[in-house]
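**Student:** need a structure here:
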Amino acid sequence: MPLKTITEGTVSDAYLALLADRGIDYFFGNAGTDFAPIIESFSKAQALGTSTPRPMLVPHENLAIHMALGYYAVTGRPQVVMVHVNVGTANALNGIINASRGNIPVIFSSGRTPYSETGDCEGRRTREVHWPQEMFDQGALAREMVKWDYELKDKSVLETVVDRAINIAMTEPRGPIYLTLPREPLAEKFDSFDYTSPSRHATPTAAWPDPNAIDRLASIISNADNPLIITQDSGSDVNAVAPLAALSDRFAIPVIQRKPRYLCLPSDHPMHLGFDPDPYLDYSDLVIVAQCDVPWIPSVKAPSEGSTVVHMGPDPIFRDYPIRGYEADMAITGAITPSFQMLDDALAGLEAGAKNSIETRRKRITGLRKIMHENWAAGLEKSKNSSPMSQSWISHCISEVKDDDTILITESAFSMPQMNLTRPGSFISGGAGGGLGYGLGMSLGAKLAAPDRMVICTQGDGAYMYGNPIPAHYVAAAEKLPTLTVIMNNEQWGAVKRNTRAMYPDGYAVKSNREDLTFFEGGMAFEKSMEVTGGYGERVEDPAELPKALERAATAVGDGQAAVLNLQTV
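**Tutor:** Take a look at the predicted model:
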């Protein structure tokens, strides 16, 4: 087997070399005293010209995790994040929860307080904080939200640990892992260290669905009068968009993208029927749930009693969710792209026999789409002059200023109907676990992955504050990652307010018209945050001024400045 050798080094040297050899591009770090061996190894590698991932200082853990998630969302390659022992791990958990529920792989790591109080080990305890920071089980902080956790003991298992971490993170369903790295093994010296290159620990291929199950589903589709597809995450693999478009068009199956986290179907596709399945559930006799964890809210709306329900995806029952009681007449396990491809192939052989029902359905869906677009246009016309600005008008204006190459990352009450999105991979919404503050980090990670593409991030004002804006704008300036952040500033946590009103429609909070703990006071001038790093900031109150303001901000980004627009919204 081919070997590479490192001479006269430390385990930390070998660790970074292995990461580079295995295709890791970036090492997003938020450092503490546990990083000393890592920092020394980076400096040594730079002096000697040896390969490591590129180190990048990110001065908040939540930001670092979400940068890695954004980078993966664009490239499909997982990256390394390292934080400071238990406290850094705790700060990063918001992002790890999002990664876990979003099935996004990241090699999440932290130092560990040294365990040696005395002796001549170079990694031993040397500071007062090394005693109170130690935990009995640091891995327990993250264990429920990662696929695997491990503490490195010594160099004999280093190659296995690195390869296993990457393999487990990248095996479907994908997700984060957690590796703790005590100072003692990182600082351990060796005369010679050999490792295989390329790795002989291959990541398992994605599981393909049972062909018999796919054939059975194709038969059910061919006999259905009103099939419906509901998806959310299928577009996480950009290669899944084309086969979904093909099969839905072949058999005239409308597709609903319910609270999508990726673009699953182009907005101009003839089977794109919007973002809310509820109006269609009563008469759909077949509902196919394709990689969607919450296809409907059972207490609000559910498929009709006699309908057939089929779930598809790498984990169609979402086994990591403690309670999820959606009925399933079939549950087909398999990576979503080959599942769509195989289903389209199976449907091709049944198309001729179902021609009449397909064409009848196609005409009906064409009519529904016409009504849908008329309603969307009417809503925009009604709200375009509203002050404060409406979500519909803002979304429409962003759609007008962007191009097909733009990457749009949303963390706000965004109006998807007003967006023209056609390119797979051009839309990302990363808060799968409900952890706010992901937008700024994911937009920076996306820009790092695609420096020649415009990246626009939309956020509510609360999400912007959660996203660690000063650290984010620092990274944008330091690493030359100009993005456009559009803040929809309604001076409140709208989701909290709406849910309180929904739960207590006749309650005291509604009658007071001012729900405590949901309002932000003071009219925050978020645009001024850009003064810290020399970016472009502008406040916009008049809806008529928004198109020009977006053009000015886009020009600033094109000139290399990060930009923030602070929009006064409802």
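
**Student:** so who does Ala413 touch?
**Tutor:** Ala413 makes contacts with 391, 460, 488, 494-495, as judged by CB atoms under 8 Å, 6 or more residues apart in numbering. In this view, the C-beta of every residue, glycine as well, is placed from N, C-alpha and C.

**Student:** distance of it from Ser199?
**Tutor:** Ala413 sits 44 Å away from Ser199, taking CB to CB, to the nearest Å as the criterion.

**Student:** for this protein, longest helix please?
**Tutor:** Using DSSP state H, we find that the single longest helix of the chain is helix 355-383.

**Student:** Distance from the first helix or strand past that helix going along the chain to the middle of the chain?
**Tutor:** Downstream of helix 355-383, the first helix or strand assigned by DSSP states H and E is helix 391-401. Distance, stretch centre to chain centre, for helix 391-401: 22 Å (CA atoms, centre = their mean, to the nearest Å).

**Student:** Ok, stretch 549-562 next?
**Tutor:** Between the centre of stretch 549-562 and the centre of its chain there are 25 Å (CA atoms, centre = their mean).

**Student:** got a list of contacts for that stretch?
**Tutor:** For stretch 549-562, contacts defined as CB under 8 Å, 6+ apart pick out 397-398, 400-401, 454, 473, 476-477, 480-486, 530, 533-536, 538, 540, 563-565.

**Student:** Show me what counts as buried in it.
**Tutor:** By neighbour count on 16 or more other CB atoms under 10 Å, the buried set for stretch 549-562 is 549-550, 552-554, 556-557, 561-562.

**Student:** can you give me the helices in the stretch 201-350 of the chain?
**Tutor:** Listed in chain order, the helices of the stretch 201-350 of the chain (DSSP state H, counting those that start in this stretch) span 211-223, 241-250, 278-281, 336-348.

**Student:** Of all the ones you listed, which one is nearest Tyr326?
**Tutor:** Nearest of the helices of the stretch 201-350 of the chain to Tyr326, taken as CB to CB: helix 278-281 at 12.5 Å.

**Student:** Could you point out which of the buried residues of stretch 549-562 is nearest to Ala90?
**Tutor:** Of all the buried residues of stretch 549-562, Ala562 has the smallest distance to Ala90: 28.3 Å, by CB to CB.

**Student:** Please report how far the closest one lies from Thr422.
**Tutor:** In terms of CB to CB, Ala562 sits 26 Å off from Thr422.

**Student:** tell me which element the nearest residue to Leu141 once chain neighbours are set aside is part of?
**Tutor:** Nearest non-adjacent residue to Leu141, counting by CB to CB, 6 or more residues apart in numbering: Thr89, 5.0 Å away. In this assignment (DSSP H and E), Thr89 forms part of helix 85-101.

**Student:** Quick one: name whatever helix or strand follows that helix.
**Tutor:** Sequence order places strand 107-112 as the next helix or strand after helix 85-101, per DSSP H and E.

**Student:** contacting residues around that next one?
**Tutor:** By CB under 8 Å, 6+ apart, strand 107-112 touches 19, 24, 32-35, 65, 78-86, 88-89, 92, 96, 99, 138, 142, 146, 151, 165-166, 169, 176-183.

**Student:** So which of the residues you listed sit within strands?
**Tutor:** Among those, DSSP state E puts 80-83, 151, 177-182 in strands.

**Student:** tell me which residues in stretch 361-380 are buried?
**Tutor:** In stretch 361-380, counting by 16+ other CB under 10 Å, buried: 361-362, 365, 369, 372, 376, 379-380.

**Student:** Could I get the average pLDDT for it?
**Tutor:** Here stretch 361-380 scores 97 as its mean pLDDT.

**Student:** From the rest of the structure, what touches it?
**Tutor:** 225-226, 252-254, 270-274, 392-393, 396, 417-418.

**Student:** are any of the residues you listed buried, and which?
**Tutor:** Buried subset of the contacts of stretch 361-380 (neighbour count, 16+ other CB under 10 Å): 226, 252-254, 271-274, 392-393, 396, 417-418.

**Student:** ok, of the contacts of strand 107-112, which come out buried?
**Tutor:** For these, buried by 16+ other CB under 10 Å: 19, 24, 32-35, 65, 78-86, 88-89, 92, 96, 99, 138, 142, 146, 165-166, 169, 176-183.

**Student:** thinking again about what came up before, rebuild the buried residues of stretch 361-380 as TSV, extending it with distance to Leu69.
**Tutor:** Converted to TSV, those look like this (distance: CB to CB, whole Å):
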residue	distance to Leu69
Arg361	38
Arg362	38
Ile365	35
Arg369	33
Met372	32
Trp376	30
Gly379	32
Leu380	32
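
**Student:** Tell me who's in contact with Asp349.
**Tutor:** No, residue 349 isn't Asp; it's Gly. Neighbouring residues of Gly349 by CB under 8 Å, 6+ apart: Ala218.
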